[in-house]
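Visitor: Build me a model from this:
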Amino acid sequence: MAPSFLQAIAVSKTYPGTQASGIKKTDLTISQGKITAIIGESGSGKSTLLKMLFGLLSPDAGEVKFKGERIWGPAEKLIPGHDAMKMVTQQTDDLNLFAKVWDNIYSLLPHTDLKADQEKTSKMLGQLKMTGITDKRVADLSGGEKQRVAIARALITSPEILLLDEPFNQVDTSFREGLQHDIRQIVKDTGLTVIIVSHDPAEVLSMADELLVLKEGEILESGGPKELYQNPKHLYTARLLTNCTVLTNEEAKVCGLKTKAAHVVIYPEWIETVKTWTNNDWEIKQILFKGCYEDLLLEHKGITIRVLNDQFGKYAEGNKVNLKLNKWLEY
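Guide: This next block holds a predicted model:
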């Protein structure tokens, strides 16, 4: 039986302090040729887990294996990090600011075959939509362009795994979506394996093949983005993946929901606003423009519910409506 591609076996890492942090005893397997996103609240252990997978951190217990062989940590390896992997963070400190984009990427190749190295550099620039900035100095680039250079530098040596630690934090939305699409295409074309740490729901839902949900150093649940979004097993996951409304049992009863659950979760897109002859009890307190849709914040008896509306101009603040609820989750 072939060994797992990348596997953590009973790994843990604890940081000293009054508040427990790090990773509790954890097992996980990363699929080859897929994009796996690690998500969780700040302090849940996302970056710690990523660094242990790469070999930048040694676990207190357990081990990480790549293709059946143990990954050595910084205490055992002179230059930390596995040779078959590359990591990119939101920092771009390792770029040569005063060299051109081409030189930043080309310089990492061995130069044993200059023609092949030039072709490889040109191909990488094309894959990441960077042909227009080839001759620019890195110092003159935007944050999004610098991030593309950092990713190109990581990919030019053909690693088997690319690790991304909050890589798009400082990238404008217009650059972000294009960069995510280009990385997905590279994964499809080359079989590259990507592990990404992110706090942005939109980012991981559109980019990842698999989600790992971390809470207080433990994997709470895992699955495909669509599966976890539609039917999260835990309230924590629902809150991570969408700007949902969470009602207590008493609040749910006020809204006409009969439930024994402690909490009810309602996504904005699961509610319809309707005008009826009676029971128009919900007042539109605020309308938030979101581009291709609006968020309506409705209030009734001190309870606020968020509703998605794509019919611009249909409502004004102060209007009263009734609500039709199509789906909810119970926890």
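
Visitor: When you work out contacts or count neighbours from here on, use the C-alpha atoms and nothing else.
Guide: Noted.

Visitor: Helices along the stretch 151-300 of the chain, start to end?
Guide: According to DSSP state H, counting those that start in this stretch, the stretch 151-300 of the chain carries its helices in the segments 173-190, 201-207, 225-230, 235-241, 249-254.

Visitor: low-scoring pLDDT stretches of this protein, where are they?
Guide: Screening the chain residue by residue with the criterion pLDDT under 70, one finds the ranges 18-20.

Visitor: most distant residue from the middle of it?
Guide: Of all residues in the chain, Trp277 sits farthest from the chain's C-alpha centroid, using CA atoms, centre = their mean; the distance is 44.7 Å.

Visitor: follow-up on the earlier one: ranking the helices of the stretch 151-300 of the chain by burial, who's on top?
Guide: Mean neighbour counts were taken over the helices of the stretch 151-300 of the chain using mean count of other CA atoms under 10 Å, and the top value, a mean of 19, falls to helix 235-241.

Visitor: quick one: contacts of that helix?
Guide: Ile39, Gly40, Glu41, Pro201, Ala202, Val213, Leu228, Tyr229, Pro232, Cys244, Val265, Tyr331 (CA atoms under 8 Å, 6 or more residues apart in numbering).

Visitor: Helix, strand or coil: sort out the third one for me.
Guide: It refers to Glu41. coil (DSSP: H, G, I helix; E, B strand; the rest coil).

Visitor: which residues sit in contact with it?
Guide: Counted by CA under 8 Å, 6+ apart, Glu41 has contacts His199, Leu214, Lys215, Leu240.

Visitor: Most neighbours of all those residues, which one?
Guide: Across these, the neighbour count under other CA atoms under 10 Å reaches its highest value at Leu214, namely 24 neighbours.

Visitor: Against Tyr236, how distant is Gly81?
Guide: Between Gly81 and Tyr236 the computed distance is 32 Å (CA to CA, to the nearest Å).

Visitor: List the residues that contact Gln147.
Guide: Gln90, Thr92, Pro167, Phe168, Val171.

Visitor: helices or strands up against the helix or strand that contains Lys123?
Guide: Take DSSP states H and E as the rule and Lys123 turns out to sit in helix 114-127. On a contact count with 3 or more CA pairs under 8 Å, 6 or more residues apart in numbering; DSSP states H and E, helix 114-127 meets helix 101-106, helix 143-155.

Visitor: Relative to Gly45, which of those is closest?
Guide: With CA to CA as the measure, helix 143-155 is the member of those nearest Gly45 (23.4 Å).

Visitor: contacting residues around stretch 52-70?
Guide: Stretch 52-70 is contacted by residues 3-14, 25, 48, 51, 71-75, 80-82, 85, 87, 163 when judged by CA under 8 Å, 6+ apart.

Visitor: Go again with 6 Å.
Guide: Here stretch 52-70 makes contact (CA atoms under 6 Å, 6 or more residues apart in numbering) with 3-13, 51, 71-74, 80-82.

Visitor: Same check on stretch 214-231?
Guide: Residues outside stretch 214-231 that contact it (CA under 6 Å, 6+ apart) are Gly22, Ile23, Lys24, Gly40, Ser44, Gly45, Leu205, Asp209, Glu210, Leu211, Leu212, Val213.

Visitor: so how far is it off the chain centroid?
Guide: On the basis of CA atoms, centre = their mean, to the nearest Å, stretch 214-231 is displaced by 12 Å from the centre of the chain it belongs to.

Visitor: Span of it from start to end?
Guide: Taking CA to CA as the measure, stretch 214-231 stretches 17 Å from start to finish.

Visitor: And for stretch 76-95?
Guide: Between the opening and closing residues of stretch 76-95 there is a gap of 27 Å (CA to CA).

Visitor: May I see the buried residues of it?
Guide: With burial defined by 16 or more other CA atoms under 10 Å, the residues of stretch 76-95 counted as buried are Pro80, Gly81, His82, Met85, Lys86, Met87, Val88, Thr89, Gln90, Gln91, Thr92, Leu95.

Visitor: So the first one, which state does it fall into?
Guide: This means Pro80. Following three-state DSSP, we place Pro80 in the coil state.

Visitor: My read is that it contacts Ile71, right?
Guide: No - Pro80 sits out of contact with Ile71 when judged by CA atoms under 6 Å, with a separation of 9.9 Å.
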